[in-house]
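>>> for reference, the sequence and a predicted model appear below.
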Amino acid sequence: MDRELDNTIIIKERIFSSLRIVIIIVIIIAGLISLKYLLSTELKQSRLRTAIAENGSIADAITATGFILPEFEHILTSPIRTKIDSIYFVPGDMVHDGDTILKLNQDLLNLKYEQQLEEMKLLENKRHQLELSMNQNLINLETDYEIKILTIKATESKLIQVERLHEIGAALKSNVDQVNLQLEISQIELSQLKHQIDNQAEIYQADLLEVELQIQIIESKIKEQKRLLDLAAAKTNWNGVLSWIKDDVGSTVNAGEIIARISNLETFKVEGKISDIHSQNIFKNMSVIVKISDKNLSGRIHSIEPIINNGIITFSVELNDKSFGGLRSNQKVDIMVITSEKNNVVRVKNGPFINGQGRSYAFVIEDNMAVRRDIIVGAVNLDWLEIIQGIEVGEAVIISDMDEYKHHEELKIKNDN
């Protein structure tokens, strides 16, 4: 009768089986790697990009990215919250000074403008009536004043006559006192008239000044309303190309919202962006090279925005050739911000065979072989890299990606024929 196997024996057999499987898999993988290694010792010449090491200068630079933008751009904004009634142009159209780009609803603006004009007329009429009333009242008071002066003169003459009659006994002393009292009363009344004239003139001037201030306020409001109406006409004040327009007829736009952009596509600038880790190394007026396709355009940093957004510094580049024919609005470009320049160095065209500065390796062509060299890389920019050690002038260097062959010391270059 068979006995059951001990559990320990069963577990050991399972472990040995698993180990055998793992060993077989490792052997297969190692074989595949070895096969790949053996098969990859030859390179087809057509797969290689090469460059000749040369003597020259190289700019040490910080790499940034950017976009081509029109140097001059006219931005139209809505002066008020309103709606778009009509669109007269589409992006890409050429527009000229005085052209109406779109129609904003101006009903509220016009209504307020008319109300302000009516208010202005009322104030001007009030000022006119005040001036008439002031002049008439002052004329009446001044007439009374002149009459009172004549009355005083007449009373003074009468007093002289009564005093003479009293001296000869032809008039009583009471008559003299009565005439003298009349004279004093008239003089007091004359003084009161003078004060009344002065006070009335001041009151009228104050009232007139108040109306004048109201007129000035409403004139300012009318001027501002007229400015808003002019802005609401959405007219451009220069020639250019309509690069963007809010073309949603019937939609609401808020005060200050951009409704159109008109660009001058004859001259351009570059807006660059770079990591804030370079904040201590980027300054106004630094030289830059803007790479556009296979062309390099020189320029300088014109301005740097003082605020860093999300770790990015934004700066503006003024190109030396602002009207270069290959420039297109919103075209993406690479920018080299020149920090220094070295002359009389060994340089090689940049390529994917190198990643940054410092110690690295490269394959140099010797006869029909690609020989691995340890090198030291100095300054690097978009076009060139400096070879401090490991490569001599005149040697041919493979600048295509050779990462899969980094463990080889030599590779045979196979002719495609």
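Received, thanks.
>>> neighbours around residue 330, how many?
9 (other Cβ atoms under 10 Å). C-beta: built from backbone N, CA, C; applies to glycine.
>>> the residue nearest to it when sequence neighbours are not counted in helix, strand or coil?
Nearest residue to residue 330 in three dimensions, chain neighbours excluded: residue 67, at 5.7 Å (Cβ to Cβ, 6 or more residues apart in numbering). Look at residue 67: counting by DSSP: H, G, I helix; E, B strand; the rest coil, its state is strand.
>>> which residue of the protein lies farthest from its centroid?
residue 169 (103.5 Å; Cα atoms, centre = their mean).
>>> of all residues in this protein, which one is nearest the centre?
Taking Cα atoms, centre = their mean, the chain has its central residue at residue 305, 9.3 Å away.
>>> what's the nearest residue to it if we skip its chain neighbours?
residue 314 (4.5 Å).
>>> and the residue farthest from the centre of the chain, that's in a strand?
No: assigned with three-state DSSP, residue 169 falls outside any strand and is coil.
>>> tell me which stretches of the stretch 51-200 of the chain form strands.
Ranges of strands within the stretch 51-200 of the chain are 54-77, 82-87, 94-95, 102-104, based on DSSP state E, counting those that start in this stretch.
>>> what's the most buried one of those?
For the strands of the stretch 51-200 of the chain, the largest average neighbour count (mean count of other Cβ atoms under 10 Å) is found in strand 102-104, namely a mean of 20.
>>> in a markdown table, list the strands of the stretch 51-200 of the chain along with distance to residue 256 and mean pLDDT.
Below are these laid out as a markdown table (distance: least, Cβ to Cβ, whole Å; pLDDT from 0 to 100):
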| stretch | distance to residue 256 | mean pLDDT |
| --- | --- | --- |
| strand 54-77 | 6 | 89 |
| strand 82-87 | 12 | 91 |
| strand 94-95 | 22 | 90 |
| strand 102-104 | 13 | 90 |
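>>> what's the closest of these to residue 335?
Closest to residue 335 of the strands of the stretch 51-200 of the chain, according to Cβ to Cβ: strand 54-77, at 4.2 Å.
>>> give me the below-cutoff pLDDT ranges for the stretch 251-400 of the chain.
Within the stretch 251-400 of the chain, no range satisfies pLDDT under 70.
>>> check the stretch 101-250 of the chain too.
For the stretch 101-250 of the chain, no range has pLDDT under 70.
>>> circling back to that earlier point, closest to residue 118 out of the strands of the stretch 51-200 of the chain?
Closest among those, once you apply Cβ to Cβ, is strand 82-87, at 22.4 Å.
>>> and residue 221, how far is that from residue 185?
54 Å (Cβ to Cβ, to the nearest Å).
>>> let me fix that, I meant to ask about residue 47.
Applying Cβ to Cβ to residue 47 and residue 185 gives a distance of 127 Å.
>>> please parse the protein into its domains.
Domains of the chain are assigned by automatic domain parsing as 1-39, 43-58+343-414, 107-232.
>>> starting at the chain centroid, how far to the last one?
Relative to the chain's own centre, domain 107-232 is displaced by 58 Å; criterion: Cα atoms, centre = their mean, to the nearest Å.
>>> got it, and stretch 404-417?
Using Cα atoms, centre = their mean, the offset of stretch 404-417 from its chain centre is 53 Å.
>>> on that earlier part again, ok, now how distant is the residue farthest from the centre of the chain from residue 202?
Distance from residue 169 to residue 202, by Cβ to Cβ: 52 Å.
>>> before we move on, what about residue 324?
In terms of Cβ to Cβ, residue 324 sits 72 Å off from residue 202.
>>> neighbour count for the two, which is higher?
residue 324 (15 against 10).
>>> from residue 129, how far out is residue 212?
From residue 212 to residue 129 the distance is 14 Å (Cβ to Cβ).
>>> now residue 141
Residue 141 is 18 Å from residue 129, by Cβ to Cβ.
>>> quick one, which of the two is more surrounded?
residue 141 (18 against 11).
>>> shouldn't that one be in contact with residue 196?
Yes: using Cβ atoms under 8 Å, residue 141 is in contact with residue 196, at 6.0 Å.
>>> picking that back up, please say which of residue 221 and residue 185 ends up with more neighbours.
Between residue 221 and residue 185, counted using other Cβ under 10 Å, the more crowded position is residue 221 (16 against 13).
>>> since we're on residue 404, how many residues are nearby?
Based on other Cβ under 10 Å, the number of other residues close to residue 404 is 9.
>>> equivalent analysis for residue 238, please.
12.
>>> does it count as helix, strand or coil?
coil.
>>> export stretch 85-94 as CSV, just CAs?
This file holds the C-alpha atoms of stretch 85-94, laid out as CSV (Å, rounded to 0.1, in the frame of the first residue of the first chain):
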residue,chain,number,x,y,z
ASP,A,85,-24.5,93.4,-33.6
SER,A,86,-22.5,92.8,-36.8
ILE,A,87,-19.1,91.6,-38.1
TYR,A,88,-17.5,93.4,-41.1
PHE,A,89,-14.1,91.6,-41.4
VAL,A,90,-12.7,88.2,-40.9
PRO,A,91,-9.2,87.2,-39.7
GLY,A,92,-6.6,87.6,-42.5
ASP,A,93,-8.4,90.6,-44.0
MET,A,94,-6.4,93.8,-44.7
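>>> for the stretch 1-150 of the chain, just list every one of the helices.
7-39, 107-167 (DSSP state H, counting those that start in this stretch).
>>> which of these sits most buried?
helix 107-167 (a mean of 14).
>>> same for that one, what does it pack against?
helix 173-232 (3 or more Cβ pairs under 8 Å, 6 or more residues apart in numbering; DSSP states H and E).
>>> from the contact counts, what lies against the very next helix or strand once past the helix it packs on?
Scanning forward in sequence from helix 173-232 by DSSP states H and E, the next helix or strand is strand 240-245. Judged by 3+ Cβ pairs under 8 Å, 6+ apart, strand 240-245 is in contact with strand 54-77, strand 94-95, strand 258-275.
>>> can you tell me the strand partners of strand 240-245 and which way each runs?
Its sheet considered, strand 240-245 pairs with strand 94-95 (antiparallel), strand 258-275 (antiparallel) by DSSP bridges.
>>> reformat those strands as a markdown table; add distance to residue 378.
Compiled in a markdown table, the strands paired with strand 240-245 are given as follows (distance: least, Cβ to Cβ, whole Å):
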| stretch | distance to residue 378 |
| --- | --- |
| strand 94-95 | 50 |
| strand 258-275 | 21 |
